[in-house]
Structures are given as C-alpha cells and as structure tokens.
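Asks: With the input below, show me the fold.
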Amino acid sequence: LTLADADNIWLHGLRFSGSGTGIFLDALAADQVPSDVTITGSVFSGLSTGISIQGGARHAISGNAFSGSGTGIRADATTATAITELLIDGNSFAMTGSSGTGVNLHDAPSATVSDNTFSGGSIGVDSSSGTSLSLLDNTFTGVTTVAARVSSGTPTISGNTFSGGGTGSTAVIAFTGGLIEDNTISGSSVGLSSSSSSLVVRGNTITGNAIGFTGTAQLGGTDWSAGQANVFTNNTLGIHARSNASVAFNRITGGTAGIRVAYDANDPSSNYAAVSLHHNVVVGQSGHGILVDRGDGVTIVNNTVVPAAAGDGIRIQNQSEDVALRNNIISVDTGTALHVATNSQLGFTSNYNNLYRTPDGTGTLVWFQKPFTDLFDWQVEADYDTRSIGFTAPDPVRDAPKFVDTAGGDYRLAPGSTSIDAGSPADAFALEPGVNGRRIDLGAYGNTALASESASQALRLVYPEYYTDWPATEGRPIQWASFDVATGDGVLAG
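Replies: Numbering: from 1, shown residues only. Sure thing, here's the model as predicted:
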C-alpha cells in the first residue's frame, strides 16, 4: 500500500505478509508530502520493511505488531522533504536473524519512540543522521547486536529496560551528547558505550553485564539526591573510563573491577588523559576497586573504596603519569590499599586520605617499590600522604573509617569517625549540612548533603599530632585549631 500526497489518513486492522514493503508513505516532492497518517492495530510479518516513511509531519504508528528478519519501521527522509513529530508508540517488534531491525530512523528531526517492546533480532532502534530521538519507556529483550544506537542530535533515553542481549551485544551505543537517565540495563557484553564527553548519564541501574559502561561521558549526576547517581551492580567491569570522562556520584558494587581508566577495557595501548573520578562508592570488587592503566592526568578525589576481602583498593600501573589522590577512604582486608607500580611514579601525588587495613587481616597499606604495612613507615620513608590518616601499629583502630552500615550498603561516616573533617583545608565544604566543622570530610560524601555532622565544639591539635615523626629530644612548636558552632566566627567560646 502506497500513500502519496495523502493527509489525515487512519489505517487500522490491516495484515501484510510476504516480501517487499507493507505501507509506503511516499514523498514525491516538497509539495506532495503525506501528513497526519495514523496506523494502528495492524500486523506486518516477514516483510523486508513493514512501514517505510519518506517524509511528512505528525505520523503516528501505534499498537501494531512487526515480525521477521527485515526492518519493522524505516524513516528515511528524501532531500526535498523532512520527517517531523513522528510518534512510534505501543508497538511490538519480534525481529529475527542477523539483520532484523525494529526501527531505523534517518533524517527524522523529531521522533518519539515510546512504550514499545523489542524482542530478538540484531538491532532494536537505530537513530542516525539528522535525527533527534526521544526513546522513552520501551522494553528491549534479547536483541543480539545493539538494542539502541544513537549517532546524531541530542537524544533523551529514559525509562527503558534493556535485558538479555547476551555475548557480543551492547544495550546502548551513543555517539553524541544528550541525556540517558532512569534506565535499567542488564545481561549484555556492554551495557552502555559512549564517545561523547557531553553526554549526561545519570540515575541508571546497570547490572550483570561484562562491562557496565565504556567510553567517555559525564557519568553520574551532580549530587547524591534521587535520580542522580548511577548504580552498577555485579558487572565484571563496572566502568571503563576513557579520555575526558567525568565519573562522579556512582555506586559500584561487586564484580572484578569497579573503575578502570585505560585506552581499551582489556588491553591498554596508549595513555588516556584528563579523567576525573570523584564522589564514587566502590565496594566489593574481587580484583581492584579502581585501576588506572596507562592513565595520564587522572584525578581521584573523595571516593570511598572498600574492595572484597582479597581485593585491592587503587592500583596505578603501566606507565601512568600525573595521577593525583586526595580525600579518599581506601579500606582493605588482605589486599593492598594503594599500589603504585614503579613505572607509574612520575607526577604521582597523594595526601589527605584514609589508608586503612583491618587489624586482623594480612593486607598491605601501600606498595611503592616495596610493601608498607604501616602509615608511619609510608610517610617517613616515601614522604607521601604526610597529612593522611590510616592504619598504624601503635593504634590500629584509631582511624577505622566507621561506616554507618556496611551490611546495608550505607558507607556514610558514623559519628566519631576520624575521617570527618579530615580532608584538605583547601577544598570546599559548604554543602555539608548542619555542623560541618568548616572542613571537608573524607570519602564519597564529603562536601555533599549526605556528609556527617561534625562535633558542635572541637579543639584540635594540628601540630605536632599523632602522625608527626618526633624524636623525643627535640622541641616542637604547637599549632591548634578550634571550632564552635555557637559563635558567629566559629572560634571556640570561652
């Protein structure tokens, strides 16, 4: 069935099978473009293309069933026409084979694909040149190559469920900026792949993939409020971050590695630069919480890293350069909290962290040319982390992080934790609620609304304090700081 220069047409309850194209909306010329065509309740099976659209505005394709190894709906505007306000809603696509595609959009400036089900086939939705896509509340199951691929415009991909693509599949591939939020992605080789540092990815649940995320993006929201943080659970590799990626406000649990900074997810071949990791909770990994693999200019700030019993916290290797750590909490059992390979020391900095190992474990605090099991030794011999806190033999539990409820997944700091107000004095703290001690907390909740309150009054010995290497026969000047919430300037009353 071909419609040319046809307006305000409603087609319902039709059946098309065999080969060729079921319905063709033919745009013969700029003044002969069909518009306001509605197609509902029809069945398209075994065709090379179920519905082909060359142009027009306000077409609605709703409540139809598509099956076979061809393409369900193809929108491909001619040079003289455009496809605008296209709605594809509430359809089912049961595609098959290596070429089965649900929806193929090309040069559709505004298209909404919503509340559809896609099962099987090679590609669910393919949105390319000139298309601005809203992909909303769809269900994708068992799509074997890529469930949704977007390479143009500023798409919004929200409220979708992607599952069961299997080995070799990618749930979502994005080559452009836009917004990906509130989706559930599981059971693929790659959950989400992005090559645009302007893409915002927030509030998604990504679980049970070989790789949860790979590429570059603004991965995570702006704070810990509802709908901002991504949740990565039991992916073999949670996040593979490439150049210019910002990875912030993510909860990453389980798997072999939480975050890996590298050119390639498995075999790095060149340095990847300008990656920022901050305000992430990375827990329960059997291999590494964070792995910097040939990174250059990587900043790791205000993260909470607690791997599984034998896992390592942060490992820096393979000729990485200029890696900076600050305000992190890294706690291990039998693994190594911080490992810096000999070929990755160039430009390395680390300070104002909590480097901790459990007293009854056999873990290593730091590996830097040799193992260090005590923070005192690391500070004195290597002259790093001179303002950090952590495990020491004289008082092993003094700086235990004291999380609220690790069994329940709550890695906020409990009252009395020495990681409260222990961050760099140069970092902002004003977002911390209530009594904030005028200094940032360590870990993923520092300078956020979920930071723990400080003591209402404090008198702190700044120098010489517990970590100062102080020969008994030498004198030291005394420096102290105070805080009082009841005074306007914070100076201790009395």
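Asks: now the nearest residue to residue 224 once chain neighbours are set aside: how far from residue 320?
Replies: Excluding the flanking residues, the one nearest residue 224 by CB to CB, 6 or more residues apart in numbering is residue 450, at 5.0 Å. Glycine gets a C-beta too; all of them are placed from N, C-alpha and C. According to CB to CB, to the nearest Å, residue 450 and residue 320 sit 31 Å apart.
Asks: hang on, the earlier thing: you'd agree the residue nearest to residue 224 is up against residue 413?
Replies: No. At 9.6 Å, residue 450 does not count as touching residue 413 under the criterion of CB atoms under 8 Å.
Asks: Neighbour count: the two, which is higher?
Replies: Neighbour count, other CB atoms under 10 Å: between residue 450 and residue 413, residue 413 has more, with 28 against 19.
Asks: give the contact list for that one.
Replies: 401, 402, 403, 404, 419, 420, 441, 442, 443, 445, 451, 452 (CB atoms under 8 Å, 6 or more residues apart in numbering).
Asks: Then residue 493?
Replies: 457, 484, 486, 487.
Asks: now those residues as JSON lines including secondary structure and neighbour count?
Replies: Listed next are these as JSON lines, based on DSSP: H, G, I helix; E, B strand; the rest coil; neighbours: other CB atoms under 10 Å:
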{"residue": "457", "secondary structure": "strand", "neighbour count": "15"}
{"residue": "484", "secondary structure": "strand", "neighbour count": "18"}
{"residue": "486", "secondary structure": "coil", "neighbour count": "9"}
{"residue": "487", "secondary structure": "coil", "neighbour count": "13"}
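Asks: okay, how far is it across stretch 58-67, tip to tip?
Replies: Stretch 58-67 has an end-to-end distance of 24 Å (CA to CA, to the nearest Å).
Asks: Kindly report the same for stretch 206-221.
Replies: 15 Å.
Asks: hang on, the earlier thing: CSV please, covering the contacts of residue 413 and showing pLDDT, neighbour count and distance to residue 169.
Replies: Formatted as CSV, the contacts of residue 413 follow (pLDDT from 0 to 100; neighbours: other CB atoms under 10 Å; distance: CB to CB, whole Å):
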residue, pLDDT, neighbour count, distance to residue 169
401, 98, 22, 38
402, 98, 16, 42
403, 98, 22, 36
404, 98, 14, 38
419, 98, 29, 41
420, 96, 25, 44
441, 98, 30, 41
442, 98, 30, 39
443, 98, 34, 35
445, 98, 23, 35
451, 97, 25, 40
452, 94, 25, 42
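Asks: Look at the closest residue to residue 318 other than its chain neighbours and say how many residues are nearby.
Replies: Spatial nearest neighbour of residue 318, chain neighbours left out: residue 294 (4.4 Å); criterion: CB to CB, 6+ apart. Residue crowding around residue 294 was assessed by other CB under 10 Å; the count is 21.
Asks: Among the contacts of residue 413, which are located in strands?
Replies: Mapping the contacts of residue 413 onto strands (DSSP state E) picks out 403, 404.
Asks: OK, contacts around residue 418?
Replies: Residues near residue 418 by CB under 8 Å, 6+ apart: 354, 389, 398, 399, 402.
Asks: and what of residue 27?
Replies: 4, 33, 34, 54, 55, 56, 77, 78, 80, 81.
Asks: And for the fifth one, the neighbour number?
Replies: It refers to residue 55. Using other CB under 10 Å, residue 55 is surrounded by 26 other residues.
Asks: Next: the last one.
Replies: When neighbours are counted by other CB under 10 Å, residue 81 registers 22.
Asks: mind starting the numbering at 200 from now?
Replies: Noted, 200 is the first residue going forward, which turns the last one into residue 280.
Asks: The nearest residue in space to it that is not next to it in sequence and residue 275, how far apart?
Replies: Closest residue to residue 280 apart from its sequence neighbours, by CB to CB, 6+ apart: residue 254 at 2.9 Å. Remark: distance between residue 254 and residue 275 (CB to CB) = 9 Å.
Asks: Which residue, other than its chain neighbours, is closest to residue 504?
Replies: Closest to residue 504 by CB to CB, 6+ apart is residue 488, at 3.9 Å.
Asks: Could you check the pLDDT of that neighbour?
Replies: For residue 488, the pLDDT comes out at 98.
Asks: Pretty sure it sits against residue 527.
Replies: No. In this structure residue 488 lies outside contact range of residue 527 using CB under 8 Å: 9.9 Å.
Asks: Residues that sit against both of these two, list them.
Replies: By CB under 8 Å, 6+ apart, the residues touching both residue 488 and residue 527 are 504, 513.
Asks: where does the stretch 550-693 of the chain dip in pLDDT?
Replies: Low-confidence segments of the stretch 550-693 of the chain (pLDDT under 70): 661-663, 687-689, 693.
Asks: For the most far-flung residue of the chain relative to its centre, which three-state class applies?
Replies: Of all residues in the chain, residue 672 has its C-alpha farthest from the mean position, at 52.8 Å, by CA atoms, centre = their mean. Per DSSP: H, G, I helix; E, B strand; the rest coil, the secondary structure class of residue 672 is coil.
Asks: Buried residues, stretch 648-666. List them.
Replies: 649, 650, 651, 652, 653, 654, 657, 666 (16 or more other CB atoms under 10 Å).
Asks: ditto for stretch 606-617
Replies: Result for stretch 606-617 [16+ other CB under 10 Å]: buried residues 610, 611, 612, 616, 617.
Asks: Specify which member of the residues you listed is nearest to residue 473.
Replies: residue 610 (27.2 Å; CB to CB).
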